[in-house]
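J.: Sequence and computational prediction follow.
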Amino acid sequence: MNILLETQEAVFAALDGDATLSGMINGIFDFVPQQTNFPYIMFGESSAREFSAKGTEGYSVNLKLNIFSDKKGREEVLQIMERLKSLLHEQSLTIAGFEHVSTYFTSANSERDRSGKVYSGEIIFAIKAITEE
């Protein structure tokens, strides 16, 4: 089992099943198809570190979600980020092959691109899981 892939799939399942979020965006992507309309979410960088405690092995995963919007101003990006936080922070995930321990919001930021036409945001979550026995 690949912890990064399984965690991404668990996060996708948690987000894709939410009607409110689905009404706010035009999709959640690992690879964004050409001609995708704004706003949308794209999986960003992720990293994993292995840890062990009291004979239990597990992983600490940092997962970044990127949000893109062509609305004027940051409001849409910030609203989507707030919805992501409400869906993932301190919520349970089903991670295949692993037992979910915790998910915490760690940071967020937003900015306008150089063209001035697209706002983006990134929100990062720390996710811990231990290997199932």
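T.: Structure received. Numbering: from 1, shown residues only.
J.: wait, Glu57 sits on Ile130?
T.: Yes. Applying Cβ atoms under 8 Å, one finds Glu57 in contact with Ile130, separated by 6.7 Å. Quick note: C-beta positions are derived from backbone N, CA and C, even for glycine.
J.: These two: which is more packed in?
T.: More crowded of Glu57 and Ile130, by other Cβ atoms under 10 Å: Ile130, with 17 against 11.
J.: what lines up beside the helix or strand the more buried one falls within in the sheet?
T.: Assessed by DSSP states H and E, Ile130 sits inside strand 119-131. Each strand paired with strand 119-131, and its direction, by DSSP bridges: strand 56-69 (antiparallel), strand 98-112 (antiparallel).
J.: what's the weakest-modelled helix or strand in the chain?
T.: The weakest-scoring helix or strand in the chain, judged by mean pLDDT, DSSP states H and E, is strand 40-53 (a mean of 94).
J.: elements contacting that one?
T.: Counting by 3 or more Cβ pairs under 8 Å, 6 or more residues apart in numbering; DSSP states H and E, the packing neighbours recorded for strand 40-53 are helix 3-16, strand 28-29, strand 56-69.
J.: Fine, thanks again, bye for now.
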